[in-house]
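Enquirer: Return atomic coordinates for the entry below.
(chains A and B)
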Amino acid sequence: EPEVTQTPSHQVTQMGQEVILRCVPISNHLYFYWYRQILGQKVEFLVSFYNNEISEKSEIFDDQFSVERPDGSNFTLKIRSTKLEDSAMYFCASSVISWGNTGELFFGEGSRLTVL
Amino acid sequence: DAKTTQPNSMESNEEEPVHLPCNHSTISGTDYIHWYRQLPSQGPEYVIHGLTSNVNNRMASLAIAEDRKSSTLILHRATLRDAAVYYCILGYQTGANNLFFGTGTRLTVIP
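Expert: Now for the predicted structure:
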């Protein structure tokens, strides 16, 4: 069964360092998403991406964050200068059609980011 | 945005049916009812969705009240692998920021 894959599974970084989290969405999917979950808290929406541009972003997704689909298969989330509060599990998801049109989102297993 | 209310937690014995309720009294006429679940240490996983009629798939059934103000996710035979947090979410033609997970219902399956 096709699945969304994410790397790394766990990354430890120092505060102020740049981090790139990588995702390979399911191959025929057109919509891509990043969510995060701080330990013990709710899953929070960060950003959605379609047709090589951001469709929506939340208040969390500030100028420190960026997304890119560099080569038609990978979908990356970059955090430019990490803060302690960026420590969380980051989930990538993809869908054939948009969530708003009842698309089923497929999530990866997540990348745990620990900022020291 | 339409909101949902779910119990914080439920327990079920293994191999017994589980009925997970969701109240959504402010649902709009076009809102679909979606269910996702999150197994421990994993990403969310789609379970089922519906609009008005009851729906069945290989994972579960969704029973929707006639007035659509509530719905019930039915797991026909709970297994230990079904232990997860279950989220009831409303939406249609809204943005992905409205895939709002909330706190969900934590289902414990007792062997």
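Enquirer: does A:Phe45 really touch A:Glu59, like I thought?
Expert: No - A:Phe45 is not in contact with A:Glu59 according to Cβ atoms under 8 Å; the separation is 10.0 Å. In this view, the C-beta of every residue, glycine as well, is placed from N, C-alpha and C.
Enquirer: neighbour count winner among these two?
Expert: Using other Cβ atoms under 10 Å in any protein chain shown as the criterion, A:Phe45 and A:Glu59 rank with A:Phe45 on top: 24 against 9.
Enquirer: Dump whichever strand or helix holds A:Ile54 to PDB, restricted to CA.
Expert: Per DSSP states H and E: A:Ile54 is located in strand A:53-57. The C-alpha trace of strand A:53-57 is given here as PDB (Å, rounded to 0.1, in the frame of the first residue of the first chain):
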ATOM      1  CA  GLU A  53       2.500  27.300  -4.000                       C
ATOM      2  CA  ILE A  54       1.200  27.600  -0.500                       C
ATOM      3  CA  SER A  55      -2.600  27.400  -0.400                       C
ATOM      4  CA  GLU A  56      -3.000  28.300   3.300                       C
ATOM      5  CA  LYS A  57      -1.000  28.700   6.300                       C
END
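Enquirer: Tell me which helix or strand comes right after it.
Expert: Following strand A:53-57 in sequence order, the next helix or strand is strand A:65-68 (DSSP H and E).
Enquirer: Flag every buried residue along the helix or strand following that following strand.
Expert: Moving toward the C-terminus from strand A:65-68, the next helix or strand (DSSP H and E) is strand A:75-79. Within strand A:75-79, the residues that qualify as buried are A:Phe75, A:Thr76, A:Leu77, A:Ile79, counting by 16 or more other Cβ atoms under 10 Å in any protein chain shown.
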